[in-house]
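> give me a model of this one.
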Amino acid sequence: MPRILLLGAGGQLGKLLERKLQAGSELIALTHAQLDLADADAVREAVRTSQPEILINAAAYTAVDRAEQEQDLAHRVNAIAPGVMAQEMAALGGWLIHYSTDYVFDGSGTKPWVETDETGPLNVYGQSKLDGEKAIADARGQHIILRTSWVYAAEGKNFLHTMLRLGRERSVLKVVDDQIGAPTTAEALTDATAAALRTIAKADVDAHEIIGTYHLSCAGETSWCGFAKAIFAEFASRQAAPEVVPIPTEAFPTPAQRPRNSRLCCDKFAGKFGYRMPEWRDALHNISATLLATN
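Got it, this is the predicted structure:
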């Protein structure tokens with residue numbers, strides 16, 4: 001049973017990872033309240049104290065718009081802290097699994113991004129996450145960086161629950177229709193992470209063959225507007241759907257600029273780890289079925 005240090009255990013992805021990993025590992029799970037990633041010394045001490053074989057970093061600064069004003073905090077959490085983790089895990093000879101974002105790209109074009117495409121963040125959040133990726137690579141340890149997009153879960157604050165709440169409060173919702181990507185469930189990310197851990201655990205695995213950056217989002221594509229409409233269709237038995245009106249990005253200005261093209265090609269991950277992410281509509285259906293059955 002490997003010793004795993006999980007950071008961000010209180011988040012929507014971290015909660016699922018903790019449940020998934022409890023049975024098969026010696027798990028140390030820390031929430032933001034227990035470890036503030038803005039404190040680099042505390043991060044270093046947490047790794048040195050726990051001496052993990054694997055560190056999974058599911059914690060991040062994710063307030064995309066607020067990051068425009070809190071650049072230093074976003075950088076400390078998303079760039080400096082992962083660099084510290086990578087340095088410490090390299091010294092231990094262990095693995096770091098870290099989650100990044102499609103926001104490292106500029107959103108140009110219409111083709112799915114591959115891992116070797118040139119990056120070009122449009123906002124502070126995206127730049128902080130890219131700086132984190134670079135800090136991890138510079139440590140030259142064993143690492144897997146998983147870039148994902150539009151993450152949501154059955155629990156937590158996310159687009160799914162925001163739409164359901166607004167749908168109960170309003171008869172008309174205007175939703176951006178020209179940003180394209182794949183809504184990705186934390187549940188699917190958890191299963192994919194488990195697949196990566198199984199590969200790491202193989203006695204004959206060549207670490208150099210799997211170290212690196214991978215794209216990992218649900219299959220298919222839609223807009224935020226399309227996602228909203230699909231959500232209301234799934235929950236039609238519980239609440240009346242509002243009229244969902246498509247609008248361009250320019251009609252909904254935000255402090256941070258968003259990429260128009262968030263499509264990710266996930267073939268590299270499937271080839272290395274033998275796991276292919278579900279289609280986004282199927283993943284949404286699984287979430288809605290769970291919520292409808294339990295609430």
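
> average model confidence for stretch 159-177?
Throughout stretch 159-177, pLDDT has a mean value of 95.

> which outside residues touch that stretch?
In this structure, residues lying in contact with stretch 159-177 by CB atoms under 8 Å, 6 or more residues apart in numbering are 150, 152-153, 183, 223-228, 231-232, 235, 239-249, 251-252, 284, 287. For the C-beta atoms, the positions are set from N, CA and C on the backbone; glycine is no exception.

> and stretch 207-219, by the same measure?
100, 102, 112-115, 133, 142-150, 181-185, 188-189, 192, 196, 199-200, 264-266, 268-269, 272-273, 276-280, 283.

> pull out the buried members of those residues.
Among those, those scoring as buried are 100, 102, 112-113, 115, 133, 142-150, 181-185, 188-189, 192, 196, 199-200, 264, 266, 268-269, 272-273, 277-278, 280, 283 (criterion: 16 or more other CB atoms under 10 Å).

> in helices, which of those residues appear?
In helices, judged by DSSP state H, the following of these are found: 133, 188-189, 192, 196, 199-200, 268-269, 272-273, 280, 283.

> any idea which of these is the one closest to residue 51?
Compare each of those with residue 51 using CB to CB and the shortest gap goes to residue 200, at 17.1 Å.

> hmm, the closest one is touching residue 54, no?
Yes: using CB atoms under 8 Å, residue 200 and residue 54 qualify as a contacting pair, with a distance of 7.1 Å.

> which residues do these two both contact?
Residues touching both residue 200 and residue 54 (CB under 8 Å, 6+ apart): residue 95.

> quick revisit: tell me which two in the ones in helices among the buried ones among the contacts of stretch 207-219 are the farthest apart.
Checking those against each other with CB to CB, the farthest-apart pair comes out as 200 and 280, at 26.9 Å.

> tell me the confidence at residue 295?
According to the model, residue 295 carries a pLDDT of 66.

> the residue lying farthest from the centre of the chain and residue 67, how far apart?
Seen from the C-alpha centroid of the chain, the residue lying at the greatest distance (CA atoms, centre = their mean) is residue 171, 31.2 Å away. Distance, residue 171 to residue 67, using CB to CB, to the nearest Å: 33 Å.

> same question, residue 168
Here the criterion is CB to CB. By it, residue 168 lies 29 Å from residue 67.

> give me the more crowded residue out of the two.
The residue with more neighbours, out of residue 168 and residue 67, is residue 67; 24 against 11, by other CB atoms under 10 Å.
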